[in-house]
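A.B. asks: here's a sequence, model it:
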Amino acid sequence: MPRLSRRRLLARLPAWAATLALAPASTLLGAPARPRVGCQANGFPLKPNDFPALLAALRKMRELDYTGFECNI
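C.D. replies: As a prediction, the model looks like this:
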């Protein structure tokens, strides 16, 4: 059975600590993560410089449970 020496343990400890610190809690706890889906604002009839219409579209995207959006207007 292979053993982990103190030298190898100390060499790997920073990587393990970083993994624990940066990994989402759902990954560590084993819970399946929900997919995060974004929306393209081109699907909404927006005119350039119409900020109130953009805000209304963003509210609708949130109602539809999108977690992000992309907008090139």
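A.B. asks: what about the helix or strand Arg8 falls within, average pLDDT?
C.D. replies: Assigned by DSSP states H and E, Arg8 belongs to helix 6-22. Taken as a whole, helix 6-22 has a mean pLDDT of 84.
A.B. asks: export only the CA atoms of that helix, formatted as CSV.
C.D. replies: Extracted C-alpha coordinates of helix 6-22, given in CSV (Å, rounded to 0.1, in the frame of the first residue of the first chain):
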residue,chain,number,x,y,z
ARG,A,6,5.4,14.2,5.1
ARG,A,7,7.2,15.8,2.3
ARG,A,8,4.6,14.9,-0.3
LEU,A,9,1.8,15.9,2.2
LEU,A,10,3.3,19.3,2.7
ALA,A,11,3.9,19.8,-1.1
ARG,A,12,0.3,19.0,-1.9
LEU,A,13,-1.3,20.9,1.0
PRO,A,14,-1.6,24.3,-0.8
ALA,A,15,-3.3,22.7,-3.8
TRP,A,16,-5.8,20.9,-1.5
ALA,A,17,-6.5,24.1,0.5
ALA,A,18,-7.0,26.1,-2.7
THR,A,19,-9.4,23.4,-4.0
LEU,A,20,-11.5,23.6,-0.9
ALA,A,21,-11.5,27.4,-0.8
LEU,A,22,-12.4,27.8,-4.5
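A.B. asks: what stretches of this structure score poorly on pLDDT?
C.D. replies: 1, 24-33, 73 (pLDDT under 70).
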